[in-house]
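Novice: This is a predicted model, with the sequence first.
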Amino acid sequence: MRFTIFGFFVLLLSFILQTTLVPHLKIFGAQPDLILVVVAVYAFIHGSAGGSIGGFFGGLLQDMVLIRNMGFNALCKTIVGYLAGLVERTVFAESILLPMVAIFIASLIHETIYLSFSIFLGEAISLDLSLWRIVIPSAIYNAILALLIYPLLCRISIYEEGVPRFK
C-alpha cells in the first residue's frame, strides 16, 4: 500500500513521454496511453491503494494538459488503478501474456468509463466509431506496450524493495 517518490518519478517520466513522444506514434489515429499502462503495472505490483493513488496523480497530470473534461482522466485512472490492483502480482509471475491481457482489459474499462462520462455530460459521440477506431486499437497498443513496461517496472520494483530505508 505505498506510492513511493520513485513511483511518482516514473509516472512523471511517462507523462513527459506521453505529451512529447507518444503523439508521434499514432497508428490509424490510435495512440497508446502510456500513463494508463504505468498505472496498471504499478497497481499489479503494489496493490489497489498504490494503483489508485498513482492513477489519481497520473490522471491529474493528463488533465492539466487537456483542459476539456477536467478531472475525467484523474477519476478514470483512479478507478482503473484500484481495479488493476485487485489482481495479484503472483498471477503474472509465469507469463508476460497475462499482464498484456490485463492491460488490454484495463484499457477497455478506462475508455468505457471515459466515454460514459462524456456522453452523460452531453457530448455527441458516435459509439460505433469510438469503439472501432479509438478504444480497441488503443487497448491493443497499450497491451503491446506492456511487453516493455511490465518487465522494466518489475525489475525496478525489486531493486526498490532492496534499497535500505530510514525509519
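Specialist: Sure thing, it's come through.

Novice: So for the host helix or strand of residue 7, what gets flagged as buried?
Specialist: In the assignment (DSSP states H and E), residue 7 maps to helix 5-20. For helix 5-20, a neighbour-count test (16 or more other C-beta atoms under 10 Å) marks 7, 10, 11, 14, 15, 18, 19 as buried. Glycine gets a C-beta too; all of them are placed from N, C-alpha and C.

Novice: now, which of the residues you listed sits nearest residue 30?
Specialist: Distance to residue 30 across the buried residues of helix 5-20 (C-beta to C-beta) is lowest for residue 18, with 14.1 Å.

Novice: Can you tell me the closest non-neighbouring residue to the closest one?
Specialist: residue 34 (4.6 Å; C-beta to C-beta, 6 or more residues apart in numbering).

Novice: Was I right to think that neighbour contacts residue 20?
Specialist: No: at 10.7 Å, residue 34 does not count as touching residue 20 under the criterion of C-beta atoms under 8 Å.

Novice: Excluding chain neighbours, what is closest to the residue nearest the centre of the chain?
Specialist: What sits nearest the mean C-alpha location of the chain, by C-alpha atoms, centre = their mean, is residue 36, with 1.3 Å. Among residues not flanking residue 36 along the chain, residue 110 sits closest, at 5.6 Å (C-beta to C-beta, 6+ apart).

Novice: Torsion angles phi and psi at the one you found?
Specialist: Main-chain dihedrals, residue 110, degrees, to the nearest 10: phi -60, psi -50.

Novice: From residue 119, how far off is it?
Specialist: Residue 110 sits at a distance of 15 Å from residue 119 (criterion: C-beta to C-beta, to the nearest Å).

Novice: which of the two has more neighbours?
Specialist: Neighbours of residue 110 and residue 119, each counted by other C-beta atoms under 10 Å, are more numerous for residue 110; the result is 28 against 13.
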